[in-house]
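**Q** A structural model of the following input is requested.
(one chain, ligands or ions: 1)
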Amino acid sequence: MISSEQYKERMAKLKPNVYQGGKLVDRFDPSIVGGIYVLCTTYDFANDPEFEGVGVATSHITGEKINRFNHIHQSVEDLLNKQKMTRLYCQEVGGCIQRCMGIDALNALSVASYDADQNHGTSYYKNFIEFMKKVQSEDLSLVCAQTDVKGNRVWRPAKQQDPDLYLRVVEKRADGIIVNGAKAHNSCSAYADEIVVLPTRNMASDETDWAVAFSIPADTQGVTLINGAFNPPRRRRLEAPYCKQGESHSMTIFDHVFVPWERVFLCGETEEAGKAALLFALYHRHSYTGCKAAVSELYTGATALAAEYNGIEKAQHVRHKLADMIQVVDLIYASGIAAAMNSVKAGSGTYIPDSNYCNAGRMLAGEAIYGEYEALAAIAGGLSATLPHEEDFYNEKTRPYLEKYIMRTPDVSAENQHRAFRLFQDMMSSAWGAHKLIDALHGGGSPVIEKVAIYRDHNIEHSKNIVKKLAGIEYEGSTKGIFREKRSWY
Ligand SMILES: Cc1cc2nc3c(=O)[nH]c(=O)nc-3n(C[C@H](O)[C@H](O)[C@H](O)COP(=O)(O)OP(=O)(O)OC[C@H]3O[C@@H](n4cnc5c(N)ncnc54)[C@H](O)[C@@H]3O)c2cc1C
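**A** Reported below is the predicted structural model:
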């Protein structure tokens, strides 16, 4: 495991390929350092005993102690620890911990590359294991570039007017492949060591050019990161840990990029490409049951604090709102635990969480965010939108007025009232707050995609049989068991 300082030294050595705001920018641009801070915590927390060791795992490949973000789940306990680590870390920084894309991509690839070798006699799993040794020993940070830009959403990759709208292989050489295309919304690519590329969807048998998975350094020749950086409003006087964070998402351009064969994990195996795509989404939704539980708890805590500072914490409607919010936090986290407890072991030995529980938790998390904003806005009142500028609290003329008139419950100081409402404003009434709303809804897959998976994986005939039996209608099969068999869909 490396330190956050070593991680930053490595970032500083990457060749410049990040474009932002119309120009080539440094990876340590002030708009990007909030994201670097978050990734640094993933290195620091792993060594922090306060986190009860959840951030450290034992490599099943080398037996060495490694950062859990680079671990392949070997047990139910590993899945539980990953979920717990994600929740604890997100709670600590006040938002997305960002390194989960890497662990989720690695776990998906461990299964898909192994299965491809079993089915087609290829040697992708060997490539993958060699790659993993490097990832683990150097403690690399990874971005997952899965989401293709996709063009017309209802047309398949081969049917698009421009075939590059889904990233594809344009040439195979003796020493590697050439890929062309673009991936969208790639979180933390501006400050990650490697870009792990996965297919975005199931592939038809004639879509072999698009069935490709690989990993390359983030500054590889031909890779351009067109980055968008997002940060909580920067404070001038009133420092707050919440405002240290930030995140970046890039459109990642692959302009005839060379990938050596040893870094290729799938190339033309359409069935396993679909498996890799679905498995990344599944692992990522399991990660959401950790991170989104933390985010929901943040909004629950903020709502409770707003109620206390407003002196209304005993009001019945406040308690009802808080109970609803706590229920969401607990259900999201519980879905991840249930998914881990009902996991299945793949041929590679990797544990795969249960699909229905993951998707149910992720869908609840994505849609509940709007209710969480609504609850905090309702209980905090209009001040979280109209709070005067920070400088006005430090201006000789206006300060006494603001300190007098911001007062609510008398045992909370004016400064703490200011701190609390400044945070609520950052969380809801800022460009950052709006960004986080869409992040919570679409990151890990839009809710409709989770509905598709939930319907796909639930044995609806079993549900109908229960009703037929109770109605006295003939049915085929059994109605015994709890609503569905434990399912190994992969
Ligand atoms: C903050 C953030 C961070 C992200 N980070 C990453 C990342 O690190 N790596 C990564 O790979 N991805 C990342 N994503 C991408 C995320 O997974 C996608 O946003 C999500 O899968 C939805 O895809 P889309 O944005 O292209 O939306 P679209 O596909 O454009 O979806 C828009 C709507 O169209 C619907 N739709 C789409 N296709 C069809 C169809 N064929 N038929 C009918 N309806 C359809 C969708 O269900 C949705 O309701 C991130 C997204 C966000 C918002």
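
**Q** Backbone dihedrals for residue 285, please?
**A** Backbone geometry at residue 285, expressed as degrees, to the nearest 10, gives phi -70, psi -30.

**Q** just for this structure, where's the confidence low?
**A** For the chain, applying pLDDT under 70 flags the ranges 482-490.

**Q** Domain parsing of it, as residue ranges.
**A** Domains of the chain are assigned by automatic domain parsing as 4-278, 285-455, 460-490.

**Q** can you tell if the first one touches the ligand?
**A** Yes - Domain 4-278 reaches the ligand (CB under 6 Å from any ligand atom) through 101, 143-147, 150, 153-154, 183, 185-187, 249. For every residue, glycine as well, the C-beta is placed using N, CA and C.

**Q** closest to residue 278 among these?
**A** residue 146 (10.7 Å; CB to CB).

**Q** circling back: got TSV for the domains of the chain, with mean neighbour count too?
**A** Compiled in TSV, these are given as follows (neighbours: other CB atoms under 10 Å):
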stretch	mean neighbour count
domain 4-278	20
domain 285-455	19
domain 460-490	12
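
**Q** residue boundaries of the helices in this structure?
**A** 4-13, 33-44, 76-93, 100-120, 124-138, 270-310, 316-341, 355-380, 383-386, 399-405, 414-428, 431-442, 447-457, 460-471 (DSSP state H).

**Q** how about TSV for the ones you listed, with distance to residue 477 added?
**A** What follows is the helices of the chain, written out as TSV (distance: least, CB to CB, whole Å):
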stretch	distance to residue 477
helix 4-13	54
helix 33-44	47
helix 76-93	29
helix 100-120	29
helix 124-138	37
helix 270-310	26
helix 316-341	24
helix 355-380	19
helix 383-386	54
helix 399-405	69
helix 414-428	50
helix 431-442	37
helix 447-457	17
helix 460-471	6
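
**Q** What residues does residue 348 make contact with?
**A** 72, 110-111, 113-115, 125 (CB atoms under 8 Å, 6 or more residues apart in numbering).

**Q** Pull the residues that contact stretch 251-264.
**A** Residues contacting stretch 251-264 (CB under 8 Å, 6+ apart): 124, 127, 130-131, 145, 149, 167, 170, 173, 175-186, 189, 195, 197, 212-216, 220-226.

**Q** now do 7 Å
**A** Among residues not part of stretch 251-264, those counted as contacts by CB atoms under 7 Å, 6 or more residues apart in numbering are 124, 127, 130-131, 145, 167, 170, 175-184, 186, 189, 195, 214-216, 220, 222-226.

**Q** thinking again about what came up before, nearest to residue 93 among the residues of domain 4-278 next to the ligand?
**A** When these are compared against residue 93 (criterion: CB to CB), the nearest one is residue 187, at 13.9 Å.

**Q** Now do that closest one against residue 225, distance only.
**A** 11 Å (CB to CB, to the nearest Å).

**Q** do residue 176 as well
**A** Per CB to CB, residue 176 is found 21 Å from residue 225.

**Q** picking up where we left off before, among the contacts of stretch 251-264, which ones are in strands?
**A** Mapping those onto strands (DSSP state E) picks out 145, 170, 176-184, 186, 195, 214-216, 223-226.

**Q** I'd like the distance between residue 121 and residue 208.
**A** Applying CB to CB to residue 121 and residue 208 gives a distance of 16 Å.

**Q** can you check residue 436 too?
**A** 38 Å.

**Q** same question, residue 361
**A** Taken as CB to CB, the span from residue 361 to residue 208 is 34 Å.

**Q** Isn't residue 150 up against residue 164?
**A** No - with contact defined as CB atoms under 7 Å, residue 150 does not reach residue 164; the gap is 11.3 Å.

**Q** residues from the stretch 351-490 of the chain in reach of the ligand?
**A** Counting by CB under 6 Å from any ligand atom, the residues of the stretch 351-490 of the chain close to the ligand are 438-439, 442-446, 448-449.
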